[in-house]
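*Asks:* Whatever this is, show me its structure:
(one chain, ligands or ions: 1)
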Amino acid sequence: MNPSPSSSGGGSVPARELWGTRWGFVLAAVGSAVGLGNMWRFSYIAAEGGGAAFLLLYIVMIALLGIPLMLCELTVGRRTHLSPIGALRELGGKGWVPLGFLFVVTGFLILSYYSVIAGWTLRYAAEAAFIGFAPDPGAHFGEISEGRAAIGWHLAFMVLTIGIVMVGIQKGIERAALILMPTLVLIVLGLAVWALFLEGAGEGYAFYLMPDLGELMDGTVLRQATAQAFFSLSLGMGAMLTFASYLSRDTDLNQEAVTISFADFGVAFLAGLVVFPVIFALGLQDSVTESTVGALFISLPGAFVEMGTMGRVVGLLFFLALGVGAITSAISLLEVVTSSIIDELGMARKNAAIGIGILIAFVGLLSARDIDFLGLADAIAGDLFLVVGAFCMSLFVGWFIKADPAEELARGAGEGFKRFIPLVIFLIRYVLPPVILIVLVFALQDTWAAITAFIVGS
Ligand code: PHE
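*Replies:* All right, here's what the predicted structure looks like:
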């Protein structure tokens with residue numbers, strides 16, 4: 001590990017720790033992408049938004065919007081071998097440094113409340129293992145989601161995250177991803193197969209996948225789907241940029257972007273194949289609300305309780321998978337902030353990770369004490385800031401970057417992918433900015449509504 005920010009342009013080889021293997025990078029990036037957003041929010045939006053028809057649309061959107069945007073981040077990271085602030089300075093000049101700061105602030109804020117939710121997850125897993133799910137999950141969630149109970153698990157989760165990031169890229173982040181991601185996929189796959197045999201599974205699948213073209217035409221569905229795609233792929237806050245800054249220059253970014261995006265989609269899709277059969281098998285569909293939190297931490301545990309011992313085992317596995325997804329996402333959030341401090345201030349990794357991690361944990365106390373504050377932080381950072389970041393990033397790579405993005409994408413690219421580069425550049429320049437701008441207008445409205453609701457409520 002060498003903290004020196006010594007890179008300059010494409011030529012010189014900076015002294016920066018690199019990923020040990022291709023799979024290390026891919027799994028760490030998939031780990032960033034697969035998280036709390038996959039296990040419930042995706043399948044819910046799919047079910048409401050047109051079922052199987054939505055899935056097709058979502059795949060098209062990933063190809064047309066998600067992958068190009070991911071390539072924007074990957075090229076900038078790999079080319080500069082720097083964390084966001086330095087990378088944007090190098091390829092854009094001083095005027096783009098604020099965007100790097102926005103990324104760092106976004107990572108900081110998202111992690112501060114993401115860790116609280118992850119803390120609930122760990123607690124549920126521990127309860128399933130040692131005492132069983134609480135008989136009244138609604139009341140139980142009310143008790144553990146705020147205050148002292150939430151603070152303890154939030155801090156425990158932050159310690160875990162800091163512990164991995166401070167060790168470094170290969171020995172910390174890469175090793176964690178190589179162990180955790182296959183575990184997660186195996187668990188979710190196993191649960192999906194198990195759910196196949198539940199009575200009522202058919203109805204669950206029907207609710208999830210019944211194609212409905214009418215829903216697709218709804219503007220809200222399209223907008224939600226776009227925002228979900230960006231959040232789920234960890235785009236708009238420099239996570240993929242930062243991970244790509246540890247790549248050697250001959251990696252085929254196109255191939256990696258495709259792999260990461262479809263792996264993320266695959267896990268989200270599979271999770272839906274678990275969640276809906278479980279809920280329908282127990283006739284709990286009416287208790288499902290649009291709230292991510294309510295469904296994950298109240299409806300599902302309610303189903304697990306009713307399933308007795310089997311429910312306890314399945315619930316344990318489910319919350320373990322969720323916890324694994326959360327920790328690999330949290331790692332990437334902390335890494336964005338940590339690597340920026342290492343590069344900009346020349347601090348040693350260990351000190352940077354511990355120092356900033358403690359600060360984030362501290363700010364997270366606000367979310368742990370007050371669930372309304374958590375909602376507000378999510379509306380500001382998880383909704384608005386990500387979309388602003390994504391918008392600026394597409395403009396940057398499309399129009400302002402002091403490098404030829406087509407040439408960058410071609411470096412290391414296989415022949416099959418090379419043919420698509422002009423299309424990708426076209427999408428980055430002419431499709432991403434206007435589409436993200438529309439999403440941004442709506443995100444502004446939503447965030448404004450969340451801010452006023454918070455002020456009125458408190
Ligand atoms: N992609 C993660 C999820 O689906 C969340 C995340 C967003 C992680 C942005 C890192 C950066 O839960």
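*Asks:* okay, how far is it across stretch 338-354, tip to tip?
*Replies:* 9 Å (Cα to Cα, to the nearest Å).
*Asks:* List the buried residues for that stretch?
*Replies:* Within stretch 338-354, the residues that qualify as buried are 338-344, 347, 349-350, 352-354, counting by 16 or more other Cβ atoms under 10 Å. Any C-beta I mention is one placed from the backbone N, CA and C, and that applies to glycine too.
*Asks:* Now render these as a markdown table, adding distance to the ligand and secondary structure.
*Replies:* Shown next, in a markdown table, are these (distance: Cβ to the nearest ligand atom, whole Å; DSSP: H, G, I helix; E, B strand; the rest coil):
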| residue | distance to the ligand | secondary structure |
| --- | --- | --- |
| 338 | 14 | helix |
| 339 | 14 | helix |
| 340 | 14 | helix |
| 341 | 18 | helix |
| 342 | 19 | helix |
| 343 | 19 | helix |
| 344 | 20 | helix |
| 347 | 22 | coil |
| 349 | 19 | helix |
| 350 | 22 | helix |
| 352 | 18 | helix |
| 353 | 16 | helix |
| 354 | 20 | helix |
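*Asks:* now these in TSV, with pLDDT?
*Replies:* Shown next, in TSV, are the buried residues of stretch 338-354 (pLDDT from 0 to 100):
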residue	pLDDT
338	98
339	98
340	98
341	97
342	97
343	96
344	96
347	96
349	97
350	98
352	98
353	98
354	98
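*Asks:* The residue of the stretch 101-250 of the chain found nearest the ligand is in what secondary structure piece?
*Replies:* The ligand sits closest to residue 234 of the stretch 101-250 of the chain, with a gap of 3.6 Å, by Cβ to the nearest ligand atom. For residue 234, there is no host helix or strand (DSSP states H and E).
*Asks:* Contact partners for the nearest residue to it once chain neighbours are set aside?
*Replies:* Using Cβ to Cβ, 6 or more residues apart in numbering and skipping residues adjacent in sequence, the residue nearest residue 234 is residue 32, 4.5 Å away. By Cβ atoms under 8 Å, 6 or more residues apart in numbering, residue 32 lies in contact with 234, 239-240, 243, 328-329, 331-332.
*Asks:* In space, what's closest to residue 421 - neighbours in sequence excluded?
*Replies:* residue 409 (5.0 Å).
*Asks:* The one you found contacts residue 252, correct?
*Replies:* No. Under the criterion of Cβ atoms under 8 Å, residue 409 is not in contact with residue 252, lying 9.4 Å apart.
*Asks:* So which of the two has more stuff around it?
*Replies:* residue 409 (26 against 19; other Cβ atoms under 10 Å).
*Asks:* what about residue 275, distance to the ligand?
*Replies:* 15 Å (Cβ to the nearest ligand atom, to the nearest Å).
*Asks:* So that residue is in contact with residue 43, correct?
*Replies:* Yes. The pair residue 275 / residue 43 is scored as a contact, 5.8 Å apart, by Cβ under 8 Å.
*Asks:* Please name the residues that touch residue 330.
*Replies:* 111, 114-115, 118, 157, 161 are the contacts of residue 330 under Cβ under 8 Å, 6+ apart.
*Asks:* Secondary structure and distance to the ligand for those - can I get that in JSON lines?
*Replies:* As requested, the contacts of residue 330 are arranged in JSON lines below (DSSP: H, G, I helix; E, B strand; the rest coil; distance: Cβ to the nearest ligand atom, whole Å):
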{"residue": "111", "secondary structure": "helix", "distance to the ligand": "8"}
{"residue": "114", "secondary structure": "helix", "distance to the ligand": "7"}
{"residue": "115", "secondary structure": "helix", "distance to the ligand": "12"}
{"residue": "118", "secondary structure": "helix", "distance to the ligand": "10"}
{"residue": "157", "secondary structure": "helix", "distance to the ligand": "14"}
{"residue": "161", "secondary structure": "helix", "distance to the ligand": "12"}
